[in-house]
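Novice: Have a look; sequence and predicted model below, questions after that.
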Amino acid sequence: MVCLTCHHFLPDGDKQNVMQRSGKNNFLQGSINFQIHVLKDHEEKATDQKAASLMLVADRREATSKCLTATAPECTTSECSTSSCIDCAQTKELPAETALAMLHEKSSTCVSILFKNAHAIAKQGRPYSDFEWLCKLDIAKGVDIGSTYHNHTSCTTFVLFIAEDLRLKLEEEVQAAMFFSVLVDDSTDSSISEQQIIYVQYAIDGISHVCFVSLESVERADAITLHAAIHNAFNRELHVSNEIFCRKIVGFASDGAAVMVGVRNGVATLLKQEQPSLVSTHCMAHRVELAIKTANQAQPYQQQVDSLLLTIYLFYHQSPLNRQMLRRAAEAEGCKFLIPTRVGGTRWISHTKLALEHTLQMYKPLVLHLQQLKNGTTIQKLAKQNAAAILKLLDTSKFVLYAHFLLDCLNVLSELSLILQSRGTDISVAFNAVDAAIVMLRKYKTRDGPKLKDAYKMMDETTAPTAAEIEVFKSAKAKHVDVLLSELERRFPINGNMLQNISLILYIKSWPLDLKGEEDYGDCALDDIVAHHRTVLEAASVQTENVVEEWTTIKLYVQKRYSDEHGRQKATWADILAANPRSKNFAAVVNLLLSLPSTSVECERGFSQMKRIKSDWRSRLSGSNLNALMRISLDSPSVCAFGPSNAVALWEAERRRRPFVKPYGPHLSTKPATVEDDDEQTAEDDVDDDDALIIELSVQHSDSD
């Protein structure tokens, strides 16, 4: 690159002095050192300033003629004289400044595209090596992404800076939040390493947020180690000291394992020693699963049904011929072919429901195919025996009625499980969903559900049960519902529970439409909540004595603003608190309650994502890379909505320069450089990957000149 100002206006004597000091690499004959600080240093040198002054003197007449079109408002034709034309000419950008601006714009555009590619790689769980062919694809499509930073190492660096940008945003929000809760779970990864996943839940202005904090590798999964890992993660990732942590934490949620909620040495117990008012929650979604499994163990026929569904699955899963014959039977019966699925697993409700749905929809093709196997003359003896054993249990009215009744129950419990697993479900919504499920199951004790009604309709005279069989079935159905309700009510107590009081305040839909005669609604529950969390609230400068008064104001506002059932369905705490800015103390209580978790399903989602990222093929991922990939995949915007500007700014501020980057190679100098020639020496200056972007720009600029 050549400095046109020095080349055209610097006297010959000064040019010779510069070339003697700097050798071949200088801004008169052409320099290959394009570092930004070198260009800026050159502008500050006496030789360049001298050339600029001479250029301004030579351009006075031209500056005077262009003064009419000057952009500065104070520069007019009447004010612009020979002596003031220098000031007018200084409004023009110098060639080096123009090159720097063009360089910054070009490099920023190229790097932004590369950052978007790196984000897409991390968001979709792809390996870093895909970044290279993705860059080649951009080049093939004619997208200008420069000629550097196209390797998987650069992708790793970009991913780390994108994750750092997300971490800084999370740190800022957690620091601003008055309260937060911790969600924890532990598991093992593909490298058989014990991992503890940590989430934080907090609320700001009536909106609850649940975000990934860190994935901690621990040597032992005991309570003391896990407790220390939580503090280390908050100190390192969010810069929350132990003192602030103990002052702000209000809740803890886990899967209910003994190491988490043990009365003596559990993690929740250790946290309560630091904050006595902490509310420990056993994940409600796990509680529903445990309640159903416990109830099923008391039902012998339920276990027979599970065994039958598993036998049907294995019978067709292990034999392609049986599956193909079942497909033909479905075509003969005019039914949609559905493959029998497996029961059991970690999610019993969804797996059993799907297996029952497929079995009942394929009931006629299953019976037809099994009868063909049982009565066939060319069928192997073992296949005939297996088919006869399945058919003996399947082709009975008892199974048909019980399977349809069980599917009715599973539809209710599955809807409850989905509500508990959905994002944004607070304690009030969770408890209301549990109450609704209990009420619906209690109805099924005395009357038939929709699926059971269909079962009675589909039976003909040959398959219809007798009156005695119906009475036996009704007795078994009532017993099954009683056991299931007993387990649910035991795991979700209705009265005398802090979580129930929280639900009474937060669930706006349950508030009375008319407060006449209900003026004290929720006052006792709110008093209990404030008394329980008084230490935390006062530490956050909340005036607890004004909470009940502000609560009354909020109730009156909701009664007027959302006067009917339709309006209550749309009411949100964010809108209510925004409309009542003076109720700051009650708003703090609401944010505290919204910070309390009802489930730990986010931890389960995090572990599912971890196993997709750190698979058997990527089992050597380091902790920092794994955390960065987890943060991007869980908390970053979608590929289309991602904006890389903040991450690029972090990268530009903290990057390290690497010397002698190809294709330019090491800079060779035949003459040692001197200290006073900082702008001309290159023996100590490096050519960075970023600075190489200006080469194409310089060539284009020279061609245009």
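Specialist: Everything's here; your move.
Novice: Quick check: residue 118 touching residue 153?
Specialist: No: the criterion here is Cβ atoms under 8 Å, and residue 118 misses it with residue 153 at 11.3 Å. For the C-beta atoms, the positions are set from N, CA and C on the backbone; glycine is no exception.
Novice: residue ranges of the strands in the protein, please?
Specialist: Ranges of strands in the chain, per DSSP state E, are 180-188, 194-204, 207-217, 249-254, 279-282.
Novice: what's the most buried one of these?
Specialist: Highest mean neighbour count among the strands of the chain (mean count of other Cβ atoms under 10 Å): strand 249-254, with a mean of 26.
Novice: Tell me what angle it forms with strand 207-217.
Specialist: Relative orientation of strand 249-254 and strand 207-217, computed by axes from the mean of the first three to the mean of the last three Cα atoms, to 10 degrees: 60 degrees.
Novice: what packs against strand 249-254?
Specialist: Other helices and strands packing on strand 249-254, by 3 or more Cβ pairs under 8 Å, 6 or more residues apart in numbering; DSSP states H and E, are strand 180-188, helix 267-274, strand 279-282.
Novice: In its sheet, which strands sit next to the first one, and in what direction?
Specialist: Same thing as strand 180-188. Strand 180-188 pairs in its sheet with strand 194-204 (antiparallel), strand 249-254 (parallel), by DSSP bridges.
Novice: would TSV of the ones you listed with mean pLDDT and distance to residue 287 be doable?
Specialist: Shown next, in TSV, are these (pLDDT from 0 to 100; distance: least, Cβ to Cβ, whole Å):
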stretch	mean pLDDT	distance to residue 287
strand 194-204	93	18
strand 249-254	94	12
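Novice: Mind putting the ones you listed into CSV with distance to residue 499?
Specialist: Formatted as CSV, the strands paired with strand 180-188 follow (distance: least, Cβ to Cβ, whole Å):
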stretch, distance to residue 499
strand 194-204, 15
strand 249-254, 10
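Novice: Which one, of those, ends up nearest to residue 277?
Specialist: With Cβ to Cβ, the closest approach to residue 277 among the strands paired with strand 180-188 belongs to strand 249-254: 7.1 Å.
Novice: and the angle for that closest one with helix 267-274?
Specialist: In terms of direction (the same axes, to 10 degrees), strand 249-254 departs from helix 267-274 by 170 degrees.
Novice: Tell me if I'm right that residue 415 and residue 440 touch.
Specialist: No: contact between residue 415 and residue 440 fails when scored by Cβ under 8 Å: they sit 9.0 Å apart.
Novice: picking up where we left off before, nearest to residue 321, of the strands paired with strand 180-188?
Specialist: Residue 321 lies closest to strand 194-204 among these, at 43.1 Å (Cβ to Cβ).
Novice: residues touching residue 291, list them.
Specialist: For residue 291, the contact set (Cβ atoms under 8 Å, 6 or more residues apart in numbering) comprises 484, 487, 488, 490, 491.
Novice: let's see 6 Å
Specialist: By Cβ atoms under 6 Å, 6 or more residues apart in numbering, residue 291 lies in contact with 487, 488, 491.
Novice: I'd like to know which of those are buried.
Specialist: Neighbour-count burial (16 or more other Cβ atoms under 10 Å) applied to the contacts of residue 291 gives 487, 488, 491.
Novice: Mind pulling the model confidence for the second one?
Specialist: Meaning residue 488. Residue 488 carries a pLDDT value of 91.
Novice: How about the contacts made by it?
Specialist: Neighbour list for residue 488: 291, 438 [criterion: Cβ under 6 Å, 6+ apart].
Novice: could we number from 9 for the rest of this?
Specialist: Got it, the first residue is 9 from now on, which makes the last one we talked about residue 496.
Novice: Distance of it relative to residue 424?
Specialist: Distance of residue 496 to residue 424, given as Cβ to Cβ, to the nearest Å: 9 Å.
Novice: on that earlier part again, figure out which of the strands paired with strand 188-196 is closest to residue 346.
Specialist: Checking the strands paired with strand 188-196 against residue 346 by Cβ to Cβ gives strand 202-212 as the closest, at 35.4 Å.
Novice: to the chain's geometric centre, what's the distance from the closest one?
Specialist: When distances are taken as Cα atoms, centre = their mean, to the nearest Å, strand 202-212 is centred 11 Å away from the chain's centroid.
Novice: again, but for stretch 618-632
Specialist: Using Cα atoms, centre = their mean, the offset of stretch 618-632 from its chain centre is 17 Å.
Novice: If you count surrounding residues, which of residue 126 and residue 161 has more?
Specialist: Neighbour count, other Cβ atoms under 10 Å: between residue 126 and residue 161, residue 126 has more, with 27 against 10.
Novice: Count the residues that sit near the closest residue to residue 537 other than its chain neighbours.
Specialist: Computed as Cβ to Cβ, 6 or more residues apart in numbering, the closest residue to residue 537 that is not its neighbour in sequence is residue 509, at 5.8 Å. The local packing of residue 509 (other Cβ under 10 Å) involves 20 other residues.
Novice: these two touch, right, residue 509 and residue 535?
Specialist: No: between residue 509 and residue 535 there is no contact under Cβ atoms under 6 Å: 9.3 Å.
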